[in-house]
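# Fold the following.
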Amino acid sequence: MILSRRRFLHRSAVASAALIGAPAILRHSASAADNPILLGALHDQSGPLAASGTPMVYALNLAVEEINAAGGLIGRPVKAIHYDTQSNIQMYSQYAQQLALKDKVAVVHGGITSASREAVRPTFDRFKVPYFYNVLYEGGVCDRNTFCTGTTPAQTVEKLVPSAMNKAGKKAYIIAADYNYGQITAKWMTKYVKDNGGEVLSIDFFPLDVTNFGPTISKIQAAKPDLILSALVGGNHTAFYRQWASAGMKSQIPIASTTFGLVNEPSTLDATESENILGAYGYFEELDTQASKTFVEKIKKAQPDTPYISELAAATYEGVHLWALGVQKAGSIDRMKLIEALESGISFDGPSGKVLIDKATHHATRNAFLAEVKGRKWSVLESYQDVQPLDTASVCDLVKNPNDTKQYVINL
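This next block holds a predicted model:
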């Protein structure tokens, strides 16, 4: 009887421990599901850049939905925290601090203009929040905390300028937005014009709020170039293309642009205003691949009123998936573990093709495409595979200098 009682008490204790332990395990699983990984997002959903920012939001949401549908990351769902930066640099600075200090996000994807990137990048460096800038830009950012998934001039402008010159002639007139993107891109345009035996007659810069281009059109008419190279930015600058056509110049001097189409110009302008404009990007909605078609179909099914899906949206989608692959490989959202995982040669097959993070620059080796507007849509003329960000690679080596946080203006 004594032995039986001891056995009974022992078994009761084991059973009680099991019963007590079981809810703890269940609670742990529940807490993992209720404790999402927070992804911060800063995009212009209103103001002059909303036509670019809105598809970026849709693309980011699609990537997050796909990640969660596949089981999330390291046993946790991903939750996006969006802020509308309203095409306002001050709002970028404000919301960057809020994401880092109040929301305590694991990563931030966002920014459109280079000015917006440079407004937030020091904040994320300071507070150790990994940052993805998923936009084509002028190149030169060298920062181990930052990943740039869009194209740089060596990937697109280097293709665009000689193609435009072969079509139109050797004398170019450059018009560009008056901030670092436009100013530095104009230097790259000048380099590639000269490299191909051409001449730049003049370079004019315009603040983002400028809508009257009449005096500039008169200057261009007097200069008589063979070609216009445009790095104008945003909805206000779209007025140039309308005024150019109204002045009767559209049929006389062709245009090639590094930015045309990013605010949906081919479909918002009249066909006579946009026809035959040449562009080069890391993605066009019209790409005739299954990956691109599926990407476009998913976004438009979820958001039937979405504006044109440009490189900005594709690179955002690809950037989020690259981040997710980094978290999976690291098995953690720890900043340094994530960075090291992303530096290990991670790539993602997205709507634009294979996108690979370059260890030394934290930029993307990716495909580039040359296209021409036909019937208010882009017609892809050429595809270039696995183009490297050689411009930034000429000034940035994060393997040798991991503490670098500068944006270099590349010596041309």
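# Thr259 reaches Gly235, doesn't it?
No - contact between Thr259 and Gly235 fails when scored by C-beta atoms under 8 Å: they sit 11.6 Å apart. Where you see a C-beta, it was placed from the backbone N, CA and C, and this is true even at glycine.
# Between those two, tell me which one has more neighbours.
With other C-beta atoms under 10 Å as the criterion, Thr259 and Gly235 differ in neighbour count, and Thr259 comes out ahead with 23 against 19.
# Model confidence score at the more buried one, please.
pLDDT recorded at Thr259 is 93.
# May I have the phi/psi pair for it?
Its backbone dihedrals place Thr259 at phi -130, psi -20, with angles given as degrees, to the nearest 10.
# ok, now which ones touch it?
Taking C-beta atoms under 8 Å, 6 or more residues apart in numbering, we find Thr259 in contact with 177, 230-233.
# mind running it again at 10 Å?
When contacts are counted by C-beta atoms under 10 Å, 6 or more residues apart in numbering, Thr259 is found next to 52, 136, 176-177, 181-182, 185, 230-234, 237, 265, 279, 281, 310.
# same check, this time on His43
Counting by C-beta under 10 Å, 6+ apart, His43 touches 49-50, 52-60, 82-85, 92, 109-112, 116, 134, 312, 316.
# make it 8 Å
Per C-beta under 8 Å, 6+ apart, neighbours of His43: 53-54, 56-57, 60, 82, 84-85, 110, 112.
# Tally up the residues packed near the spatially closest residue to Lys170 that is not a sequence neighbour, please.
Nearest residue to Lys170 in three dimensions, chain neighbours excluded: Gly198, at 4.0 Å (C-beta to C-beta, 6 or more residues apart in numbering). Applying other C-beta under 10 Å, we find 22 residues neighbouring Gly198.
# Phi and psi next, for Gly198.
Dihedral angles of Gly198 (phi, psi; degrees, to the nearest 10) stand at phi -110, psi -170.
# With Ile410 instead?
When read as degrees, to the nearest 10, the backbone of Ile410 gives phi -70, psi 130.
# That one and Cys148: what is the separation?
Remark: distance between Ile410 and Cys148 (C-beta to C-beta, to the nearest Å) = 14 Å.
# gap between the one helix or strand Leu325 maps to and the chain center?
Using DSSP states H and E, Leu325 maps to helix 311-330. On the basis of C-alpha atoms, centre = their mean, to the nearest Å, helix 311-330 is displaced by 10 Å from the centre of the chain it belongs to.
# what's the answer for stretch 107-115, then?
Distance, centroid of stretch 107-115 to centroid of chain: 8 Å (C-alpha atoms, centre = their mean).
# can you check stretch 241-257 too?
Per C-alpha atoms, centre = their mean, the displacement of stretch 241-257 from the mean C-alpha position of its chain is 29 Å.
# next one: stretch 242-262
25 Å.
# And for stretch 225-234?
Distance of stretch 225-234 from the chain centroid (C-alpha atoms, centre = their mean) equals 22 Å.
# From start to finish, how long is it in a straight line?
Between the opening and closing residues of stretch 225-234 we find a distance of 24 Å, counting by C-alpha to C-alpha, to the nearest Å.
# please begin residue numbering at 32 from this point
Noted, 32 is the first residue going forward, which turns the last one into stretch 256-265.
# Wait, Ala322 touches Phe379, no?
No - using C-beta under 8 Å, Ala322 is not in contact with Phe379; the gap is 10.7 Å.
# Comparing those two, which residue is more hemmed in?
Remark: of Ala322 and Phe379, Phe379 carries more neighbours, 22 against 14, as counted by other C-beta under 10 Å.
# give the contact list for that one.
For Phe379, the contact set (C-beta under 8 Å, 6+ apart) comprises 349, 352-353, 356, 385-386.
# Point out where the chain drops to low pLDDT.
Across the chain, the stretches falling below the confidence threshold (pLDDT under 70) are 32-64.
# give me that answer again for 80
Using pLDDT under 80 as the threshold, the predicted model of the chain has low-confidence ranges 32-65, 266, 294, 441-443.
# Domain-wise, how is the protein divided?
The record's domain split for the chain, according to automatic domain parsing, is 68-182+319-397+420-438, 188-312.
# Export the ones you listed as JSON lines, with columns for distance to Glu403.
What follows is the domains of the chain, written out as JSON lines (distance: least, C-beta to C-beta, whole Å):
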{"stretch": "domain 68-182+319-397+420-438", "distance to Glu403": "15"}
{"stretch": "domain 188-312", "distance to Glu403": "5"}
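# hmm, back to that, neighbour count for Ile441 and Cys179, which is higher?
For Ile441 and Cys179, the more surrounded residue by other C-beta under 10 Å is Cys179, and the numbers stand at 29 against 19.
# Does the more buried one touch Leu167 like I think?
No - assessed by C-beta under 8 Å, Cys179 is found out of contact with Leu167, at 9.3 Å.
# Quick check: the most centrally placed residue in the chain vs Gly84, distance?
Geometric centre of the chain, nearest residue: Asn165, 2.0 Å, by C-alpha atoms, centre = their mean. Asn165 sits 11 Å away from Gly84 when distances are taken as C-beta to C-beta.
# Ok, Leu369 next?
Distance check for Leu369 against Gly84: by C-beta to C-beta, it reads 25 Å.
# So the two - more neighbours on which side?
Each of Leu369 and Gly84 had its neighbours counted (other C-beta under 10 Å), and the higher figure belongs to Gly84 (28 against 21).
# Quick check: buried residues in the host helix or strand of the more buried one?
According to DSSP H and E, Gly84 maps onto helix 81-100. By neighbour count, with 16 or more other C-beta atoms under 10 Å as the criterion, the buried positions of helix 81-100 are 81-95, 98.
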